[in-house]
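Chemist: can't give you the sequence, but here's the structure:
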């Protein structure tokens, strides 16, 4: 149950977040966010916020507020597409840890199995953005082919390439999705795998 | 080594179907030769098979759920577009079966974006592969300016095809091709007309080829006559020393006999 003290603290936090201009809380969040985001990303949009004041005489006056990067905005109210990217960053770490191992070892297969379980769980991000949906659909096609059998190392390398691509883009462009698909294709993933279940005929 | 000439059904299966079917197509291709196709085949795929997938993709963006999408495919307006309806239903049913086999629990809200996501990348990836798996020749002089399917700002896909110009003798090389090989096509129409109980498609083809041949060279023609003559044009444009690879034995066998082409089919 939320206590009175908890409610007033929450209100205070909301006030600080909503207040124009920088403050200690925002600075702290910015610093934490910066630390989470690796460098070398593709250029991102910047959002300049303004407020329009309508005076009693009807005149409008525009006051400039703060400028935010896309990532900064996302940190305050993370959109599902951003959360997908963060999840992919973690998956990239997992894939890289697996790739450091011998592809024939039991430990490698164990880590690949855990990775596939997390790939399956990406379904919670469906609907975030069309490009995210496309990637998840492709990753699930790969999952369908490898979840119940030994995973070849090139497939894990392709998964790492996909997660790396996602982590490099603030907003995932179609071109990056196509690049990711090609990486899976080249690793031996049959991207047309679903086109064989029912009675489909070309 | 003879080259393989992939007509539409074989090229679609090589590019858009799963690996097992791809292997069947590959096994029907002569070993060691090149894989060829044609601009005419690519145009036929774009205005037929691929257009059906694009229609489905765009409809999937407009509906609120997979059930609504299914209703659309079974609606009265699709009844007379048999090929389009079958292509759409096949892709849809294949995908649903894949989802069931995945063993992941999806909510109804997740199934639609999953389908849209899969179909969208399937279309783009397929188009890229079309030009990678085979070298496109163009003896007929069919259009070379077919753009790739692209997403508009509203999220819908489009692939503007110059179909409005089909039938203008200056828009492509078909008119010149028919003038040069008038006798070949006349023989094909006669052979097809002489077949015992020809199917509706063959009957349409006979009418279309005869109509194209009956007009004066340089005169306009109905674009649909070019489309209905498709298999005859494709069979004729295949290089003489190449092997035509097709799943469509029924329509290509009599044409190959007339034009003296080698045929390789698979089931």
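Modeler: That came through, no problem. Everything quoted here is computed from the prediction, not taken from an experiment. Residues are numbered from 1 along each chain as shown, chains lettered A, B, ... in the order given.
Chemist: On the three-state scheme, the residue lying farthest from the centre of chain A is what?
Modeler: The outermost residue of chain A, judged against the average C-alpha position, is residue A:57 (47.0 Å), by Cα atoms, centre = their mean. Using DSSP: H, G, I helix; E, B strand; the rest coil, the structure places residue A:57 in coil.
Chemist: what about it, distance to chain B?
Modeler: 39 Å (Cβ to the nearest Cβ, to the nearest Å). C-beta here means a position set from N, CA and C on the backbone, and glycine is covered the same way.
Chemist: Please work out the average pLDDT along whichever strand or helix holds residue B:60.
Modeler: Applying DSSP states H and E as the criterion places residue B:60 in helix B:51-62. Helix B:51-62 shows a mean pLDDT of 95.
Chemist: Of all residues in chain A, which one is nearest the centre?
Modeler: Central residue of chain A (Cα atoms, centre = their mean): residue A:85, 1.3 Å from the mean position.
Chemist: quick one: what helix or strand has it in it?
Modeler: Using DSSP H and E, residue A:85 sits in helix A:80-99.
Chemist: picking up where we left off before, and the residue farthest from the centre of chain A, what pLDDT?
Modeler: Predicted confidence (pLDDT) at residue A:57: the value is 88.
Chemist: Now the residue of the stretch 101-250 of chain B at minimum distance from chain A. Nearest residue, chain neighbours left out?
Modeler: Residue of the stretch 101-250 of chain B nearest chain A, by Cβ to the nearest Cβ: residue B:117 (2.9 Å). In this structure, residue B:117 finds its nearest non-sequential neighbour in residue A:133, 2.9 Å apart by Cβ to Cβ, 6 or more residues apart in numbering or on different chains.
Chemist: Tell me the confidence at residue A:200?
Modeler: 45.
Chemist: And chain A, what are its domain boundaries?
Modeler: A:42-77, A:80-186 (automatic domain parsing).
Chemist: can you tell me which of those the model trusts least?
Modeler: Comparing mean pLDDT across those, the lowest value falls on domain A:42-77: a mean of 79.
Chemist: quick one on the thing from earlier: now the residue nearest to the centre of chain A: how far from residue A:128?
Modeler: Counting by Cβ to Cβ, to the nearest Å, the gap between residue A:85 and residue A:128 amounts to 10 Å.
Chemist: Would you map the strands across the chain?
Modeler: You didn't say which chain, so I picked chain A. Using DSSP state E, the strands of chain A run over A:46-54, A:60-69.
Chemist: Chain B is the one I meant
Modeler: With strands called from DSSP E, chain B shows them at B:4-6, B:35-38, B:135-137, B:150-151, B:157-158, B:243-246, B:262-265.
Chemist: Other residues contacting the second one?
Modeler: If you take Cβ atoms under 8 Å, 6 or more residues apart in numbering or on different chains as the criterion, strand B:35-38 is touched by B:3-7, B:11, B:29, B:133-140, B:142, B:234, B:237-239, B:242.
Chemist: Could you turn the buried ones of the residues you listed into a PyMOL selection?
Modeler: Buried residues among the contacts of strand B:35-38 (16 or more other Cβ atoms under 10 Å in any protein chain shown), as a PyMOL selection:
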select buried, chain B and resi 3+4+5+6+7+11+29+133+134+136+137+139+140+142+234+237+238+239+242
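Chemist: Of the strands of chain B, which stretch is the most buried?
Modeler: Across those, averaging neighbours per residue (mean count of other Cβ atoms under 10 Å in any protein chain shown) puts strand B:4-6 on top, at a mean of 28.
Chemist: which secondary structure elements does that one contact?
Modeler: strand B:35-38, strand B:243-246 (3 or more Cβ pairs under 8 Å, 6 or more residues apart in numbering or on different chains; DSSP states H and E).
Chemist: neighbouring contacts of the last one?
Modeler: The contact list for strand B:243-246, computed with Cβ under 8 Å, 6+ apart, reads B:2-7, B:9-10, B:25, B:28-30, B:33, B:234-235, B:238, B:252, B:256, B:261-266.
Chemist: what pairs with that strand, and is each one parallel or antiparallel?
Modeler: strand B:4-6 (parallel), strand B:262-265 (parallel) (DSSP bridges).
Chemist: Export these as a markdown table, with columns for distance to residue B:182 and mean pLDDT.
Modeler: A markdown table is the format used below for these (distance: least, Cβ to Cβ, whole Å; pLDDT from 0 to 100):
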| stretch | distance to residue B:182 | mean pLDDT |
| --- | --- | --- |
| strand B:4-6 | 22 | 97 |
| strand B:262-265 | 24 | 96 |
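Chemist: could these go into JSON lines alongside distance to residue A:164?
Modeler: Compiled in JSON lines, these are given as follows (distance: least, Cβ to Cβ, whole Å):
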{"stretch": "strand B:4-6", "distance to residue A:164": "35"}
{"stretch": "strand B:262-265", "distance to residue A:164": "42"}
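Chemist: Quick one, which of the ones you listed gets closest to residue A:192.
Modeler: The closest of the strands paired with strand B:243-246 to residue A:192 is strand B:4-6. By Cβ to Cβ, the value is 16.1 Å.
Chemist: Show me how far that closest one is from its chain's centre.
Modeler: Relative to its parent chain, strand B:4-6 has a centroid offset of 14 Å by Cα atoms, centre = their mean, to the nearest Å.
Chemist: how many neighbours does residue B:54 have?
Modeler: Residues within reach of residue B:54, counting by other Cβ atoms under 10 Å in any protein chain shown, total 19.
Chemist: Enumerate every residue touching the closest residue to it other than its chain neighbours.
Modeler: Excluding its sequence neighbours, the residue lying closest to residue B:54 (Cβ to Cβ, 6+ apart) is residue B:157, at 4.9 Å. Shown in contact with residue B:157 (Cβ under 8 Å, 6+ apart): B:54, B:57-58, B:120, B:123, B:149-151.
Chemist: same thing with residue B:117?
Modeler: Residue B:117 is in contact with A:126, A:130, A:132-138, counting by Cβ under 8 Å, 6+ apart.
Chemist: ok, back up a step: I figured the residue nearest to residue B:117 hits residue B:111, correct?
Modeler: No - between residue A:133 and residue B:111 there is no contact under Cβ atoms under 8 Å: 11.0 Å.
Chemist: more crowded one of these two?
Modeler: Shown here are residue A:133 and residue B:111; by other Cβ under 10 Å, residue A:133 has more neighbours (25 against 18).
Chemist: Contacts only, for that one.
Modeler: Applying Cβ under 8 Å, 6+ apart, the residues near residue A:133 are A:126-127, B:113-114, B:116-117, B:120.
Chemist: What is the lowest-pLDDT residue among these?
Modeler: residue A:127 (90).
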